[in-house]
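Visitor: Attaching a predicted model along with its sequence, questions to come.
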Amino acid sequence: MSDESARINARIDELTKEVSDLRHGYLIVNKRYTEALGALKTLTNNAKEAAQRAALAAQKAGLASQNAATASKVSALQAVVEAAEASAEAAAASAEAATEAAASAAAAAAAATAAAAHQAEETSLQAAAHAAAAAKLAAEVAAEAVKLAHEAAEAARKARK
């Protein structure tokens, strides 16, 4: 009986150690998961902010493009050819800036979406949706800026003739 008892006690000791090792491993995995989750939250929020800032930059570039196109048209009417051409170039540069901002917003939205997919938390999904909306707005503004740049270039060509 004492051999049997010793074997049972030894087995209980082994199982106790295994449970302890498993508990320790769980704590390590849980800590790493919590850290990864925090990093994903930060990434998602940063991507959302980047998309919103890029959309704002695209809006400002679109406004600059609109003002340059207006200046180009007015200058063309007054036969100030050099000013019209410079305005057309400014409109084109603003359109490029708006396009780059739109691309940046799209990249940020993609990052936010990827983080949200990994994280699957409501706040991340909302941040990804905001980032996607900002990217859409930036793309729309960029398209308008390109249109205005073409109008400015056309006004400059007319002024040249």
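Guide: Yes, it's here. Residues are numbered from 1 along each chain as shown.
Visitor: Once you drop chain neighbours, what's closest to residue 130?
Guide: In space, not counting the residues next to it along the chain, residue 130 is nearest to residue 48; the distance is 5.2 Å by Cβ to Cβ, 6 or more residues apart in numbering. Every residue, glycine included, has its C-beta placed from N, CA and C.
Visitor: Repeat that for residue 66.
Guide: The shortest distance from residue 66 to any residue other than its chain neighbours is 5.2 Å, reached at residue 148 (Cβ to Cβ, 6+ apart).
Visitor: So that neighbour is in contact with residue 91, correct?
Guide: Yes - Residue 148 is in contact with residue 91 according to Cβ atoms under 8 Å; the separation is 5.7 Å.
Visitor: shared neighbours, those two?
Guide: 65, 68, 69 (Cβ atoms under 8 Å, 6 or more residues apart in numbering).
Visitor: Can you name the element that comes right after the helix or strand hosting residue 22?
Guide: Element membership of residue 22, judged by DSSP states H and E, is helix 2-77. Moving toward the C-terminus from helix 2-77, the first helix or strand encountered (DSSP H and E) is helix 81-119.
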